[in-house]
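Peer 1: any chance you can model this:
(one chain, ligands or ions: 1)
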Amino acid sequence: MAGSDVNPGSLREFLAALESLRSSFDEAPLAPEEALRATEGRFLAKGGEIALLSRSLGRLSQDDRREAGSALQAFRARVTETLSTQRRYLESLASLERERQERYDLTEDLVRERRAAVGALNVVTQTRYALEDLFVGMGFSIETGPEVESEWYNFEALNVAKYHPARDAQDSFFLELGEPGSVVLRTQTSPVQIRLLERGVLPIYAVIPGKVFRRDTPDARHTPSFHQIEGLVVDEHITFQDLAGTVSGFTKAYFGQEISARLRPAYFPFTEPSAEFEITCTICLGSGCRTCSGVGWIELGGCGMVHPNVFRSVGVDPERWSGFAFGFGIERLAQMKHGLADMRVLLDNDLRFLSQFRG
Ligand code: DAH
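Peer 2: The predicted structure follows:
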């Protein structure tokens, strides 16, 4: 309380009192906030130390008063400046602390995340991606085509005769668009063969995954909308052996060495000769079970050598070019890969099933 209890009557005394006020200010607490406010009150308030000392100015001579007054002013300015700098500093500390407390660390939350809430790709999509990876690794490109097709692409250009049962409204979904029966939800991915050939860029080594639609009643092995992956290879000197080698290489790569592929004679309008592509039943490994009806083999799809009529329908010379094609059901592949007794679980959206395939 250096300044308040003296009442200097001379310049020397005044300056001494001011000096002691300075050192008591230098020792005054500036934090925390309440202490800062107290120090401010003590020095700068109306009845504070500086105001008290300034009252004694009146007792000095005019010259002394000027000198003493400006020294006191300078001190006052320093006190004011110091206190406001300190106030800003304390405020910024407080706001940092607030930010720290309010911070919401998203990375921490991700680590703690209940994983079910994140979701995952459906098994069918995962299977499709796995197949795409595999075929890309074998040198194929990935192509796509439209899900709504004209009757020409879906049937006609593929050599499907006018009386073929697939053309029946019992089997296909036709759209009410144009001539009746002229626009259809594609029943197979094979029409994309035509679209690729039409481009006229040969050779072709492509697979075409996508959705197809049929008027099927859902059961353990059928759903009215499902996915296929089509394959098309067109080059010079392609033979049935290339087809057999590709199918067998694919089977071993996707299902493992213990699963084999076999081809059995079949009929498809767009291939000649045609074959059904079967693999060892993955449930019983060939010994025979309910899923494979006791035969030890499961059909995955069809394949064959591209029919010359298909080449002719798009102006490709069948004397120079030959090729093979195949089409497999992706759901069927997923079913065999994961040993699913009933295909409908793939569509049921039951998290107890789906969460096993988070990948
Ligand atoms: N498109 C046929 C189907 O959906 C499957 C198929 C068979 C595709 C033979 C082909 C093939 O490319 O050559 O049943």
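Peer 1: what does the pLDDT read for Asp109?
Peer 2: Here, the pLDDT recorded for Asp109 equals 62.
Peer 1: same check on Gly359?
Peer 2: Note for Gly359: predicted pLDDT of 61.
Peer 1: could you do Ser84 as well?
Peer 2: Reported pLDDT for Ser84: 94.
Peer 1: chain neighbours aside, what residue packs nearest to the residue of the stretch 101-250 of the chain found nearest the ligand?
Peer 2: At 3.5 Å from the ligand, Gln188 is the closest residue in the stretch 101-250 of the chain, using C-beta to the nearest ligand atom. (C-beta placed from N, C-alpha, C; glycine too.) Closest residue to Gln188 apart from its sequence neighbours, by C-beta to C-beta, 6 or more residues apart in numbering: Val212 at 5.5 Å.
Peer 1: just say helix, strand or coil for the one you found.
Peer 2: strand (DSSP: H, G, I helix; E, B strand; the rest coil).
Peer 1: in stretch 303-313, what's buried?
Peer 2: Buried residues in stretch 303-313, defined by neighbour count with 16 or more other C-beta atoms under 10 Å: Cys303, Gly304, Met305, Val306, His307, Pro308, Val310, Phe311, Ser313.
Peer 1: before we move on, back to that, which of the three states applies to the residue of the stretch 101-250 of the chain closest to the ligand?
Peer 2: coil.
Peer 1: re earlier: could you pick out which of the buried residues of stretch 303-313 are near the ligand?
Peer 2: Filtering the buried residues of stretch 303-313 for proximity to the ligand (criterion: C-beta under 6 Å from any ligand atom) leaves Cys303, Gly304.
Peer 1: pLDDT and distance to Leu72 added to the buried residues of stretch 303-313, as TSV?
Peer 2: Output for these, formatted as TSV (pLDDT from 0 to 100; distance: C-beta to C-beta, whole Å):
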residue	pLDDT	distance to Leu72
Cys303	98	104
Gly304	98	108
Met305	98	109
Val306	98	106
His307	98	110
Pro308	98	112
Val310	98	106
Phe311	98	107
Ser313	96	107
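Peer 1: from the buried residues of stretch 303-313, pick the one nearest Ala206.
Peer 2: Distances from Ala206 to those, taken as C-beta to C-beta, are shortest for Val306 (12.6 Å).
Peer 1: list the contacts for the closest one?
Peer 2: Gln193, Leu232, Val234, Phe270, Thr271, Ser322, Gly323, Phe324, Ala325 (C-beta atoms under 8 Å, 6 or more residues apart in numbering).
Peer 1: just the buried residues of stretch 303-313: which are in helices?
Peer 2: Counting by DSSP state H, the buried residues of stretch 303-313 place Pro308, Val310, Phe311, Ser313 in helices.
Peer 1: just checking, the last one touches Glu156?
Peer 2: The reference is to Ser313. Yes - the criterion here is C-beta atoms under 8 Å, and Ser313 meets it with Glu156 at 7.4 Å.
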